[in-house]
Structures are given as structure tokens and as C-alpha cells.
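J.: After the sequence you'll find the predicted model.
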Amino acid sequence: MSDDVQRGLEGVLVAESDLSYIDGDAGKLGYLGYSIEDLAREASYEEVVYLLWHGRLPDAQELDDFSTWMAGARPLDDEVVTEIRQLAAADEVPMAALRTIVSALSAYDDDATHDDVTDLDANLRKACRITAKIPTALAAFERFRNGKEAVDPREDLNHAANFLYMLNGEVPDEVLAETFDMALVLHADHGLNASTFSAMVTASTLSDLHSAVTAAIGTLAGSLHGGANANVMRMLKEVDESDADPRTWVETALADGRRVPGFGHRVYDVKDPRAEILGAKSKELAEAAGESKWYDYSTTIEAYIADHKALAPNVDFYSASTYYQMGIPIDAYTPIFAMSRVAGWIAHVLEQYEDNRLIRPRARYVGEADLPFPAVGER
Ligand SMILES: CC(=O)SCCNC(=O)CCNC(=O)[C@H](O)C(C)(C)COP(=O)(O)OP(=O)(O)OC[C@H]1O[C@@H](n2cnc3c(N)ncnc32)[C@H](O)[C@@H]1OP(=O)(O)O
Ligand SMILES: O=C([O-])CC(=O)C(=O)O
């Protein structure tokens, strides 16, 4: 057993998985062997969810049945809606609200008390309900906190379009619906990122699926992980409001020792392939709207950081300007990441259950030893 400490578990192999393939040197990503570029162009989110949970693409009938099943699971129990209303009234942070809501969903899930937490059929039913209900909960929370009433889900819209419908109260046009569907596909899985690992650790104790997803949401929220997408947009707005050249703004931020959100990655040494795709989409939206400032700030910052810090954009960098141009509220960006990534979390948890062993690393002890215990009055 090695006594070397691998800080941040960098490069440590802890599992075998056939879900996502990442080549950090070449900037390549694929799910189950299909390239992210092909999936982004050709597949719907529902198809990707099926792929991740079943290990193969669905045929037309299977996709139809699966999509119908998911769509039917969208409505929330009244008690959950009441809880969401209370969280919005308490001005809860959106990711904390989502964490609380997913945890609460287990109380109303018929399979949550299943004796065997590893039972695949029960887990697929729970998986479907959790994945289908998260968008309904997020849209309701966003509307309640803005003094509006929730909009009921519609079964005739796909997962992506239905979310935008519930968020805005109107059916999105084709460009918005397809862009959002593609964004969900891009975020659905990414190897053993921190939130997925968190879900796996929880599952490895033979805890249940709702607990694993709840743990993952808490982990995704942080600014070094999923929380970065909202911070990117806050940065772009800060740049805009400062009237400074984006280069000067970034130069100052770096000189102050700040991390620039949306740059750097534990696995990619080059530009994240998802950032390539989202960057192109952000550009397309800017051209269509005839307003390119958010895209232009982004490309200027990307070029400056490449020259001065040798860091490349990760997935969070161009999702920010893409979502902003779609009119999505900034606070919803990280919850939307969770709404997509839940598919990957669940897929990895299913893999973990299939061949479980408790995940339990160790720390090298560097503290004191054999101290005499002083009575409380003698300290
Ligand atoms: C979906 C996702 O989770 S993608 C990642 C989203 N997170 C962000 O965008 C936040 C900004 N990025 C970062 O903080 C990091 O690049 C991480 C957390 C993503 C990766 O971290 P690690 O692999 O642990 O790299 P680490 O934190 O050791 O950084 C290595 C060096 O690069 C620097 N660095 C890395 N990213 C950045 C950044 N975005 N801005 C400025 N400097 C950076 C670090 O300061 C460090 O420099 P040092 O060695 O001089 O101290
Ligand atoms: O893989 C990671 O460490 C972070 C990331 O890009 C993701 O979770 O999508």
C-alpha cells in the first residue's frame, strides 16, 4: 500500500466504467462509444438518458415508450409543491432548494422503501421519476420566487421543450427548444467528476438512489464544479458594467489571484469539446439576435487567457452566454446542469450497485499521538 498522498485523487483510478470516454489530451468525449459531437447533433436528451441507463441506444418503439413514461412522471405531489413554495418564500439558494426537493421526493416514491436498494427495476423506476420531476420542481421554484404561479407540465412536449414551457409559460420556438435539448445532451455525463463520485461514494455504502442524487447535487453546487457556469455569466456582466476592456478586467482578476470561472479542468489539457460546441451555439444565437457582446467578451477573454495563463475553456464557459441569450435566469444555470447530469449520476450509481465495494480511501495521519488527557480545568 503506497503512502504517497494523491491530492484531490488526481489521476487515481477507482473504478471501471463503460459510460463516458474522455481523452483530455485530444479533447475528445463520448458516451458509450458515441462521440459527443454526433450525440449533440443527432440525439435527444431522452435518447441519451436511455443510452446511459441501458447501455445501448433505444429503437424507435423503445424511445417512444421511454419518452412517454418519463413525460407521465413529470407532475409533482401537492405536498412537494407546497414545500417548493416554502423554499421560494424563504429565498433559498436554488441549488440548496433542489437538494432539499430531491431528498423530499423519496417520501412520495412508492419504490423508495424497497428492501433491496440495488434492485435494478426499482431503481430504473425511481430514476425515471427523479429525472422527470426535477425540471417541474425547478421551473416551479423559479416562478414562485418571482411571484408567479407554477405551470403544469405538458406530456406532448419533450423533456427540454417542456422545461422551457414550464419556466416561461409559453412553448419555446424550435431554435430555443433544440438548443436547450443539445445543452442537456452535452451535460449528461462526464466520467468520475466530483458530483458523480459523490453519488458513487454514497451508493457504495448501500444507501439509496435518492440519497446518492441528493449528495451529488450538493457537490455540483460548488464554484469549482457546476457552480462555475453562473459565475461565468456574473463575470461577463461585471465586465460589461465596468466598461473596461475584457482583457484589462481579466488581467486585474488574475493579478488579484482570482480564478477565472469557466477555465481549467482536471482532465482536459486542451479546450473541452463541449465548449467548442456551445461556443458555436453562442455565436449562432448572437448572430441571429444581431447582438454579439456576450459572445465577443467571451472570445476576447478566451484568447487572453490562452496567451497569458495557458488555460482553455471548460463546458461552463460558453454555456453561460448561450443560456443568457436564451433568456434563462442566471441562478438557474447550475440547477439546469443538475437537471441534465442526474442521468449520469444515476448511470454511475447503477454501475456501482452492479459490482459494489465500499469506497473508503484513507488519509496519512500527521497529527499528535499519545498525549496525556488533561482534565477540563487544566487546559
Ligand atoms: C463542469 C466542471 O466542473 S468544469 C470546471 C468548472 N470550474 C471552474 O471553471 C472554476 C475555475 N477552474 C478551476 O478552479 C480549476 O481549473 C479546476 C478546479 C476546474 C481544476 O482544478 P485542478 O485540476 O485541481 O487544478 P488546480 O486547482 O491545482 O490548478 C492548477 C493551477 O492552475 C491555476 N488555475 C486553474 N484554473 C484556473 C482558473 N480558472 N483561473 C486561474 N487560474 C487557474 C491554479 O491557480 C493553479 O495554479 P498554481 O499551480 O500556480 O497554484
Ligand atoms: O469532469 C469534471 O471534473 C468536471 C466536468 O467537466 C463535468 O462534470 O462535466
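T.: Received the coordinates, thanks. Ligands and ions are numbered 1, 2, ... in the order given.
J.: Roughly how far does whichever residue of the stretch 101-250 of the chain sits closest to ligand 1 sit from Asp272?
T.: Closest residue of the stretch 101-250 of the chain to ligand 1, Cβ to the nearest ligand atom: Ala228 (3.5 Å). Backbone N, C-alpha and C define where each C-beta goes, glycine included. Relative to Asp272, Ala228 is positioned 12 Å away (Cβ to Cβ, to the nearest Å).
J.: same thing with Asp3?
T.: Counting by Cβ to Cβ - Asp3 and Asp272 are separated by 34 Å.
J.: Tell me which of these two has more neighbours.
T.: Comparing Asp3 with Asp272 by neighbour count (other Cβ atoms under 10 Å), the higher total belongs to Asp272, at 28 against 6.
J.: what's the pLDDT at the closest residue to that one other than its chain neighbours?
T.: Closest residue in space to Asp272, ignoring its immediate chain neighbours: Asn314 at 4.6 Å, by Cβ to Cβ, 6 or more residues apart in numbering. At Asn314, the pLDDT value in this model is 98.
J.: Ramachandran coordinates for the residue lying closest to Ala107 once chain neighbours are set aside?
T.: Leaving aside its sequence neighbours, Ala107 sits nearest to Glu79 (Cβ to Cβ, 6+ apart; 7.7 Å). For Glu79, the backbone dihedrals (degrees, to the nearest 10) come out as phi -60, psi -40.
J.: So what's the residue count around Glu79?
T.: 11.
J.: That one against Ile101, yeah?
T.: No. Glu79 is beyond contact range of Ile101, at 11.2 Å (criterion: Cβ atoms under 8 Å).
J.: For Met200, give its distance to Gly344.
T.: 11 Å.
J.: now Glu155: how far from Ala216?
T.: From Glu155 to Ala216 the distance is 27 Å (Cβ to Cβ).
J.: And the helices in the stretch 51-200 of the chain?
T.: For the stretch 51-200 of the chain, the helices defined by DSSP state H, counting those that start in this stretch occupy 60-72, 78-89, 94-105, 120-144, 159-168, 174-187, 194-204.
J.: can you list these in CSV and add distance to Ala280?
T.: Output for the helices of the stretch 51-200 of the chain, formatted as CSV (distance: least, Cβ to Cβ, whole Å):
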stretch, distance to Ala280
helix 60-72, 26
helix 78-89, 35
helix 94-105, 28
helix 120-144, 25
helix 159-168, 18
helix 174-187, 10
helix 194-204, 26
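J.: Ok, which of those helices comes nearest Ser292?
T.: helix 174-187 (16.4 Å; Cβ to Cβ).
J.: Can you give me the buried ones in the closest one?
T.: 176-187 (16 or more other Cβ atoms under 10 Å).
J.: What about ligand 1: which of those touch it?
T.: Among those, not one lies near ligand 1 by Cβ under 6 Å from any ligand atom.
J.: Nearest to ligand 2 among those residues?
T.: His187 (6.5 Å).
J.: what's the pLDDT at the closest one?
T.: The predicted local confidence for His187 is 98.
J.: Would you agree it is in contact with Asp316?
T.: No. Taking Cβ under 8 Å as the definition, His187 is not a contact partner of Asp316, at 9.6 Å.
J.: OK, contacts around whatever residue of the chain ends up closest to ligand 1?
T.: Ligand 1 sits closest to Gly264 of the chain, with a gap of 2.1 Å, by Cβ to the nearest ligand atom. Each residue near Gly264 by Cβ atoms under 8 Å, 6 or more residues apart in numbering is listed here: 311-312, 314.
J.: out of those residues, who has the most neighbours?
T.: Asn314 (24 neighbours).
J.: Please look at that residue and Asp269 and confirm they touch.
T.: No. Under the criterion of Cβ under 8 Å, Asn314 makes no contact with Asp269, lying 11.5 Å away.
J.: what's in contact with stretch 347-361?
T.: For stretch 347-361, using Cβ under 8 Å, 6+ apart, the contacting residues are 9, 14-15, 17, 19, 52-53, 117-118, 120, 123, 127, 189, 192, 196, 199-201, 203-206, 209, 212-213.
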